[in-house]
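Visitor: model the following, please.
(one chain, ligands or ions: 1)
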Amino acid sequence: MKSREKKQVTRVNTLLHGGDYNPDQWLNRPDILADDLKLMKLAHTNTYSIGIFAWSALEPEEGVYTFDWLDTIFETIHQNGGTIILATPSGARPAWLSQKYPEVLRTNELRLKHLQGARHNHCFSSPVYREKTQHINRLLAERYGNHPALLMWHVSNEYSGECHCDLCQVAFKEWLKETYNNDLAALNEAWWGPFWSHTFNSWSQIQSPSPIGEDAVHGMNLDWRRFITDQTINFYQNELVPLRELTPTIPVTTNFMADTDDLIPYQGLDYGKFAKHVDVITWDGYPAWHNDRESTADLAMKVGFIDDLYRSLKQQPFLLLESTPSAVSWHEVNKAKRPQMHLLSSMQMIAHGSDSIMYFQWRKSRGSSEKFHGAVVDHDNSPENRVFKDVAEVGKILESLSAIAGTTRPADVAILYDWENNWALNDAQGYGAKTKNYTQTVQEHYRTFWEKDIPVDVIMKDQDFSSYKLVVIPMLYLLSLETLSRLKEFVAHGGTVVSTYLTGIVDEHDLAHLGGWPKDLQDIFGINVVETDTLYPSDYNKVRYGEKEYELKEYASIVEVKQAEIKGEYLEDFYAHTPAITSHSFEKGKSYFIGGRLERSFHSDFYGEIIKELRLTPVLSVRHEKGVSVQARQSETEDTIFVMNFSEETQVVYFDQPVWDRLNEVELVGEVMLEKYAVKVVTVPLEDNSQ
Ligand code: GAL
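Guide: This next block holds a predicted model:
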């Protein structure tokens, strides 16, 4: 969205605040349910995700339905002024279902069939599971589809994982036949069949990848992951049938995730593809704040990256559908959010385009695995504890900021991220087994813009490049000729592109490009990449760029210059004094190539120059040191700017123009103190901030 037009993602013109609410755990405690209603008012919450794991409370026996409790909840929430995101219950099965229809159970890659238990572990090909989930969804849509409290559908929960049962083997083969137009020779070609004599002469010989069978055919591994994404989407679409039929105006979503250890986007599914099938992107964010391995600012940068990615998937606001108001229960160490962190981390989500702050969970469960997971209401049932008060404070602030719902902000910079690329690169036997780090590398390129407060979209390879001034494409190892020609067109029409080592090595089948670096890349960059050197973790090289020398680790491309200008050179090893950084004017645009993995200060200096050249500016001029992040949302009349201190000390920031402090209702200009973890939300009327 390049304009300042609002794109409302829900029918309520407000920011959502609330979370997963599980009254089905407390059906024999009417006093608790009554307390919930009182506490909801005090917490300033307005929206609740209900029924996510409620299948056994809705259908305790096959064909026996008990909706009365949910009827009551719908009514009471509605009377209380709240809205409901109603879940379809397919995330967890009742025991009767698995007992009667064992085909719904998953089989793992070792071909071991699972038992009933836990959750998120169903066979997505099973006709029985598809029928059962669609049926209960139909009943829910029939019963609640016209209820005024219904805001959105929460389809299933955190789809993930894979199944290797016989039904899935059949589905995989069908998928392959369709993908390869029934042409087995084409599949053998794409999978490079003759290698180790793996040519198939019948579709029946193909089996899904397994450590006890075939796991080294890269084209097949890639296709299997694509199939898993498609099969999951297909299962989801089957769930959607009655919802679209009976409630065509109610938006649907399913909650996306992040891999938490290193806070990167979830890798089990290609969300770029999935995004096309949901109305609203929602995600569950659980950064491990205050951990012992990275600074708060480093982690905040990674959160910003995922937010910018999930917002850019549909170029509209997203919803934070789950987060914790305090600690989680499943990190190795479950540390409480320090004072101010809840507000700061919530404002960061809003700043990057979330139209909600939602929690897992409204009330702590009494038993089972999440009984110590953070919640708005603790076992003490009190509105007086620190966490509850933090939540209520966020609720009040969200109420005061409701006008920004539906807004985002334009960006001139796009960074390309690609799930398939990560899968293929991680599969590649070669380079450094532990040093590929594609996502982390993309985040490192993102970091510079985040630190300099330059708005960024994180886009997919099939998204339109033409509205950006700069497209950054780190390590795009898997590059199809189709993407390449779109890229060429972008540069030819005046765009600027930056790319790096390990770009353009294989095609969409994970087959190496033959004949050297692809011709279109050579044209765009004015170079040929002739070799890639991989260094041991203890090795390093150096690159001279401008007046400075920078340290290089892990990867270095050896480059032959055709027409490009040499901007930097390697200083060590057998390729000392050969080009490391180049730039090239191609038709109306420009390209830059970064040959190796360089330290952070290089990115800062290098992109600093491009930022100047392309006149890329932050939404508001706020001068500050590292650790402070400035992000904005823009409406047709004003800019709302979030100035966030992710450092561990008080910072001084300078506003170059007067702004209105929304949380304290005062004007600010010049030097302003920002305490550790403090946030200022300021507004500037459009006419005062047009550049
Ligand atoms: C999410 C999940 C929730 C809850 C939460 C705990 O991944 O969707 O149901 O388990 O984690 O952090």
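Visitor: so which residues on this structure come close to the ligand?
Guide: Within the chain, the positions near the ligand by Cβ under 6 Å from any ligand atom are 157-158, 284, 286, 322, 328, 360, 370, 373. C-beta: built from backbone N, CA, C; applies to glycine.
Visitor: now the two most distant members of these.
Guide: Based on Cβ to Cβ, the longest span within the residues of the chain next to the ligand runs between N157 and V328 and measures 15.8 Å.
Visitor: so the two - more neighbours on which side?
Guide: It is N157, of N157 and V328, that has more neighbours when counted by other Cβ atoms under 10 Å, with 24 against 18.
Visitor: mind telling me what element the more buried one is part of?
Guide: Per DSSP states H and E: N157 is located in neither a helix nor a strand.
Visitor: and it, its phi and psi?
Guide: phi -150, psi 120 (degrees, to the nearest 10).
Visitor: now it. Nearest residue, chain neighbours left out?
Guide: Take N157 and drop its neighbours on the chain: the residue closest to it by Cβ to Cβ, 6 or more residues apart in numbering is G91, 3.4 Å away.
Visitor: pull the contacting residues for the one you found.
Guide: 52-53, 119-120, 156-158 (Cβ atoms under 8 Å, 6 or more residues apart in numbering).
Visitor: looking at those, spot the one nearest D31.
Guide: Set against D31, the nearest of these by Cβ to Cβ is F53 (22.5 Å).
Visitor: and the closest one, how far from A118?
Guide: The gap separating F53 from A118 is 11 Å, by Cβ to Cβ, to the nearest Å.
Visitor: and if you look at D573?
Guide: 51 Å.
Visitor: what about L115, how many neighbours?
Guide: Using other Cβ under 10 Å: L115 sits among 11 other residues.
Visitor: which residue, other than its chain neighbours, is closest to it?
Guide: L105 (7.1 Å).
Visitor: again, but for Q563
Guide: Using Cβ to Cβ, 6+ apart, the closest residue to Q563 is G526 (3.9 Å).
Visitor: so that neighbour is in contact with A564, correct?
Guide: Yes: the pair G526 / A564 is scored as a contact, 3.4 Å apart, by Cβ atoms under 8 Å.
Visitor: which one's more surrounded, these two?
Guide: Between G526 and A564, counted using other Cβ under 10 Å, A564 has the larger neighbour count: 24 against 19.
Visitor: got a PyMOL select line for the buried ones in the contacts of G91?
Guide: Only the buried entries of the contacts of G91 go into this PyMOL selection, using 16 or more other Cβ atoms under 10 Å:
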select buried, resi 52+53+156+157+158
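Visitor: can I get the contacts of G91 in TSV including pLDDT?
Guide: Below are the contacts of G91 laid out as TSV (pLDDT from 0 to 100):
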residue	pLDDT
I52	98
F53	98
R119	96
H120	95
S156	98
N157	98
E158	98
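Visitor: output the contacts of G91 as a markdown table; include the columns distance to R138.
Guide: Shown next, in a markdown table, are those (distance: Cβ to Cβ, whole Å):
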| residue | distance to R138 |
| --- | --- |
| I52 | 18 |
| F53 | 19 |
| R119 | 22 |
| H120 | 22 |
| S156 | 15 |
| N157 | 19 |
| E158 | 23 |
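Visitor: tell me if L398 really is in a strand.
Guide: No: going by DSSP: H, G, I helix; E, B strand; the rest coil, the assignment for L398 is helix, not a strand.
Visitor: between D573 and A118, who's got more neighbours?
Guide: D573 (16 against 10).
Visitor: can you tell me the closest non-neighbouring residue to the more buried one?
Guide: N541 is the one closest to D573 (Cβ to Cβ, 6+ apart), at 5.7 Å.
Visitor: pretty sure the one you found is touching E549, no?
Guide: No: counting by Cβ under 8 Å, no contact exists between N541 and E549, whose distance comes to 10.4 Å.
Visitor: need the residues touching each of these two.
Guide: L571.
Visitor: of those two, who's got more company?
Guide: N541 (24 against 13).
Visitor: quick one, what contacts the nearest residue to N121 once chain neighbours are set aside?
Guide: Nearest non-adjacent residue to N121, counting by Cβ to Cβ, 6+ apart: R106, 5.0 Å away. Contacts of R106 were listed using Cβ under 8 Å, 6+ apart, and they are 113-114, 121-123, 161-163, 165.
Visitor: mind doing that once more with 10 Å?
Guide: Residues near R106 by Cβ atoms under 10 Å, 6 or more residues apart in numbering: 112-115, 120-124, 126, 161-165, 168.
Visitor: residue of the stretch 301-450 of the chain closest to the ligand, please.
Guide: F360 (4.2 Å; Cβ to the nearest ligand atom).
Visitor: okay, now that residue: neighbour count?
Guide: F360 is flanked by 23 other residues according to other Cβ under 10 Å.
Visitor: biggest strand in the chain by residues?
Guide: Secondary structure of the chain read by DSSP state E shows that its longest strand is strand 548-561.
Visitor: what is that one packed up against?
Guide: helix 519-525, strand 527-534, strand 541-545, strand 565-570, strand 579-586, strand 589-594, strand 596-598, helix 600-613 (3 or more Cβ pairs under 10 Å, 6 or more residues apart in numbering; DSSP states H and E).
Visitor: who touches the first one?
Guide: Residues outside helix 519-525 that contact it (Cβ under 10 Å, 6+ apart): 476, 479, 481, 483-485, 487-492, 497, 499, 503-504, 513, 516-518, 527-529, 559-564, 582-584, 586-587, 589-593.
Visitor: and the buried ones among those, selectable in ChimeraX?
Guide: Selection command for ChimeraX covering only the buried members of the contacts of helix 519-525, criterion 16+ other Cβ under 10 Å:
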select :476,479,483,484,487,488,490,491,497,499,503,504,513,517,518,527,528,529,559,561,564,582,583,584,586,589,590,591,592,593
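Visitor: report the contact partners of Q79.
Guide: Q79 neighbours (Cβ under 10 Å, 6+ apart): 37, 149.
Visitor: the chain should start at 14 in everything you say after this.
Guide: Shifting the count to begin at 14 puts that one at Q92.
Visitor: other SSEs contacting the top helix by length along the chain?
Guide: Assignment by DSSP state H gives helix 231-259 as the longest helix of the chain. The helices and strands touching helix 231-259, judged by 3+ Cβ pairs under 10 Å, 6+ apart, are helix 140-157, strand 163-167, helix 179-192, helix 197-203, strand 265-266, helix 284-287, helix 432-440.
Visitor: for burial, what's the neighbour tally of R379?
Guide: Neighbour count of R379, defined by other Cβ under 10 Å: 11.
Visitor: double-check it against A388; I have them as touching.
Guide: No: between R379 and A388 there is no contact under Cβ atoms under 10 Å: 11.2 Å.
Visitor: can you list residues touching both of the two?
Guide: Taking Cβ under 10 Å, 6+ apart as the contact criterion, R379 and A388 have no common neighbours.
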